[in-house]
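A.B. asks: Here is my input, please return the structure:
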Amino acid sequence: VQLVESGGGSVQAGGSLRLSCAASPYKNFMAWFRQAPGKEREGVAAIDTDWYITYYTDSVKGRFTISQDRDKNTMYLQMNSLKPEDSAMYYCAAAWRRLSGLGLPRDYGYWGQGTQVTVS
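C.D. replies: Modelled structure (predicted):
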């Protein structure tokens with residue numbers, strides 16, 4: 001499985017970014033994780049790509065939206081009202097199997113290379 005992220009960058013607080021993850025092949029459960037320096041990798045948002053069920057960590061609810069374009073085998077993360085604490089390396093991940101929530105990093109067997117998001 002190949003996962004390729006894009007869309008990171010630097011933005012001022014309150015701004016927006018959209019991350020993209022192109023997957024080959026497309027998997028039935030995918031997510032966005034992030035990891036800031038000195039912190040553990042945490043799940044941000046996940047999507048059951050067959051049933052279009054989404055999950056979010058509490059700190060991003062109402063601000064981030066995970067979505068997909070099945071025709072393009074691509075998953076997105078729209079990030080609005082960004083805060084400095086959202087700064088991190090963001091990773092696209094595909095799970096070993098369908099989950100009922102965000103899960104933990106060990107539940108995901110495939111990872112992208114990451115894209116940096118910096119909010120100042």
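A.B. asks: now residue 73, nearest residue through space, not along the chain?
C.D. replies: Once flanking residues are discounted, residue 73 sits nearest to residue 26: 4.2 Å by Cβ to Cβ, 6 or more residues apart in numbering. Placement of C-beta: from N, CA and C, glycine included.
A.B. asks: How many neighbouring residues does that neighbour have?
C.D. replies: 19 (other Cβ atoms under 10 Å).
A.B. asks: before we move on, what about residue 4?
C.D. replies: So residue 4, with other Cβ under 10 Å, has 14 neighbours.
A.B. asks: if I look at residue 15, how far off is residue 84?
C.D. replies: Noted for residue 15: a distance of 11 Å to residue 84, by Cβ to Cβ, to the nearest Å.
A.B. asks: my guess is residue 73 meets residue 24, correct?
C.D. replies: Yes - in this structure, residue 73 is within contact of residue 24 by Cβ atoms under 8 Å, at 6.3 Å.
A.B. asks: the more surrounded of these two?
C.D. replies: Neighbours of residue 73 and residue 24, each counted by other Cβ under 10 Å, are more numerous for residue 73; the result is 15 against 10.
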